[in-house]
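Enquirer: just the structure for this:
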Amino acid sequence: AGAWVTGTGIILWSILSVTLAVRPHPLEALREKLLVDAKGSSFGYFDGWIASRVDHFITDLFIWSPHQLLPLTLLVATLVGLRLTASLQGKSRNYGNIIVALAVVCEVTLFASRWVTFTDPLKYPLYPVTPEVTALQNLVGPDGRVTTVIHPSTHLACTPFVPNTLGPYGIATISGYDSIVPDGMVLPIESTGDAGKLGRFGVSHLITYPQNREISDDWTKIWESPSMALFENTKAVPRYIGFQSEDAKNTFFKSDGDANWVGLKEDTHLENSRTIQVPPGINWIRVAENQASGWEFRLAESPTGAWQAVQRAADASMLLPLGENTSSKSVTVEMRYAPPLRRIGFEISAAALLLTISGGLTVRKRADKPTTDRIPC
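Expert: All right, here's what the predicted structure looks like:
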């Protein structure tokens, strides 16, 4: 049945390919429609690249295209091999197994060759370092955080460093495509140029397009190129701050003005674990990052102590209650992210492994058990 379906499909596809090659008007109409629809996409700004992709797509519709003909040839070879594996002759079955195995290896290799491209990373780096990237690394650094003001009328591709493009360079950003955004500190529509509001979320710099005249005086321009302007936030609050009392902590969250806080230093710059240096007298730590279930902390001086859950502040940031343990001495606070679902996943995997092993041992014991049934003569 598979051979009949494949043969019929090849005949019909061949007739259609020849017809479209002689009368290409339907393909020309399809090309125009694809180009028009692509202009509204995220990559529509790159006209030449879009056109080349559409042309490759149209070319690959013909059955004689290498991208179609080679897999089709391997499919036919596999069907022949499968037919031989059903032969009553052992030699033919062996030939069939060899043909099927070789066809599968060739098909997987062909598929991988289209997706995995090997290049010289020195000549074609995966994340090229531009003058703009260098400026951000030097002026923002690992302790800062940026926000991006998108151009109101031009294509998104004209905006320097759209969300999620700065992560590989080690630059933190307040905006991105994230599933936790609704429960986070800032919503996408709130990620504007409000220096005071963003400053309390640890935003130290603003990236925008050159000649942007709508930036308030709370931002100070510190660098510019033909494709990007970088501003520093005069109202920025460090990402890690400490409070000496609960009153100071409450004042910070209730007021947009200044409060008594102390900037703290984080040493690791890692994602899922942190080490914070805390001077004497600090009873509360506030981390300007989205709180999520699974964040825990403890004092490094008490490595055997129990991990405590990080609390959620009114603005969805993290709060670490240290109590009176740091009143008279400097301490180091350790943080880690241990999401509950990951632990549940490990437990399920361990249970499944034990069931698999026990099931295998049970089957083996039954297979090794001598039978006492009588064999009829």
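Enquirer: what are the boundaries of the strands in the stretch 51-200 of the chain?
Expert: Along the stretch 51-200 of the chain, the stretches classed as strands by DSSP state E, counting those that start in this stretch are 145-148, 172-173.
Enquirer: what's the end-to-end length of stretch 187-201?
Expert: Terminal residues of stretch 187-201 lie 12 Å apart, using Cα to Cα, to the nearest Å.
Enquirer: do stretch 138-152 as well
Expert: Start-to-end span of stretch 138-152 (Cα to Cα) is 28 Å.
Enquirer: tell me which of the strands of the stretch 51-200 of the chain sits most buried.
Expert: Highest mean neighbour count among the strands of the stretch 51-200 of the chain (mean count of other Cβ atoms under 10 Å): strand 145-148, with a mean of 23. From N, CA and C alone the C-beta is placed, and that goes for glycine too.
Enquirer: put the alpha carbons of that one into CSV.
Expert: C-alpha atoms of strand 145-148 as CSV (Å, rounded to 0.1, in the frame of the first residue of the first chain):
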residue,chain,number,x,y,z
ARG,A,145,20.4,47.1,33.7
VAL,A,146,19.0,48.7,30.6
THR,A,147,15.7,49.5,29.0
THR,A,148,15.0,50.1,25.3
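Enquirer: got a list of contacts for that strand?
Expert: For strand 145-148, the external contacting residues (Cβ atoms under 8 Å, 6 or more residues apart in numbering) are 136, 140, 159-163, 166, 171-175, 191, 193, 198, 201-208, 239, 288.
Enquirer: those residues in helices, which ones?
Expert: The helices, defined by DSSP state H, take in 136, 198 from those.
Enquirer: where in this structure is pLDDT low?
Expert: For the chain, the stretches flagged by pLDDT under 70 are 116-117, 177-182, 188-191, 256-258, 325-327, 364, 366-377.
Enquirer: work out which residue lies at the spatial centre of it.
Expert: In the chain, the residue lying closest to the centroid (Cα atoms, centre = their mean) is residue 164, at 8.4 Å.
Enquirer: hang on, that one packs against residue 176?
Expert: Yes. With contact defined as Cβ atoms under 8 Å, residue 164 counts as touching residue 176 (4.8 Å).
Enquirer: adding distance to residue 260, write the strands of the stretch 51-200 of the chain out as JSON lines.
Expert: Putting the strands of the stretch 51-200 of the chain into JSON lines (distance: least, Cβ to Cβ, whole Å) gives the following:
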{"stretch": "strand 145-148", "distance to residue 260": "22"}
{"stretch": "strand 172-173", "distance to residue 260": "25"}
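Enquirer: among those, which comes closest to residue 85?
Expert: With Cβ to Cβ, the closest approach to residue 85 among these belongs to strand 172-173: 56.1 Å.
Enquirer: which helices and strands does that closest one pack with?
Expert: For strand 172-173, the helices and strands in contact under the criterion 3 or more Cβ pairs under 8 Å, 6 or more residues apart in numbering; DSSP states H and E are strand 145-148.
Enquirer: ok, which stretches of this structure are helices?
Expert: 2-22, 25-38, 47-59, 66-85, 90-115, 131-139, 195-199, 246-254, 340-368.
Enquirer: tell me the most buried of those?
Expert: It is helix 195-199: most buried of the helices of the chain by mean count of other Cβ under 10 Å, with a mean of 21.
Enquirer: OK, contacts around residue 96?
Expert: Counting by Cβ under 8 Å, 6+ apart, the residues that residue 96 touches are 80-87.
Enquirer: again, only using 6 Å
Expert: 81, 84-85 (Cβ atoms under 6 Å, 6 or more residues apart in numbering).
Enquirer: and what of residue 334?
Expert: Neighbouring residues of residue 334 by Cβ under 6 Å, 6+ apart: 275, 298, 300.
Enquirer: between the helices of the chain, which gets nearest to residue 323?
Expert: helix 246-254 (10.5 Å).
Enquirer: that closest one: how far from the chain's middle?
Expert: 35 Å (Cα atoms, centre = their mean, to the nearest Å).
Enquirer: and the residue nearest to the centre of the chain, how close does it get to residue 245?
Expert: For residue 164, the distance to residue 245 equals 39 Å [Cβ to Cβ, to the nearest Å].
Enquirer: and what of residue 170?
Expert: 35 Å.
Enquirer: repeat for residue 61
Expert: As defined by Cβ to Cβ, residue 61 lies at a distance of 71 Å from residue 245.
Enquirer: same check, this time on residue 221
Expert: Residue 221 is 38 Å from residue 245, by Cβ to Cβ.
Enquirer: what's the answer for residue 111, then?
Expert: Residue 111 sits 62 Å away from residue 245, going by Cβ to Cβ.
Enquirer: just residue 174 next, same as before
Expert: For residue 174, the distance to residue 245 equals 28 Å [Cβ to Cβ].
Enquirer: go on, residue 36?
Expert: On the measure of Cβ to Cβ, residue 36 and residue 245 end up 63 Å apart.
Enquirer: again, but for residue 71
Expert: On the measure of Cβ to Cβ, residue 71 and residue 245 end up 70 Å apart.
Enquirer: for residue 101, same thing?
Expert: 73 Å.
Enquirer: show me the contacts for residue 203.
Expert: 145, 147, 174, 233.
Enquirer: let's see 10 Å
Expert: Contact analysis of residue 203 by Cβ atoms under 10 Å, 6 or more residues apart in numbering lists 144-147, 172-175, 186, 191, 194-195, 197, 233, 235-237, 239, 288.
Enquirer: residue 218 now?
Expert: Taking Cβ under 10 Å, 6+ apart, we find residue 218 in contact with 193-196, 198-199, 206, 231-236.
Enquirer: please name the nearest non-neighbouring residue to it.
Expert: residue 195 (3.4 Å; Cβ to Cβ, 6 or more residues apart in numbering).
Enquirer: check contacts around that neighbour.
Expert: Contacts of residue 195 were listed using Cβ under 10 Å, 6+ apart, and they are 147, 203, 206, 215-220, 231-236.
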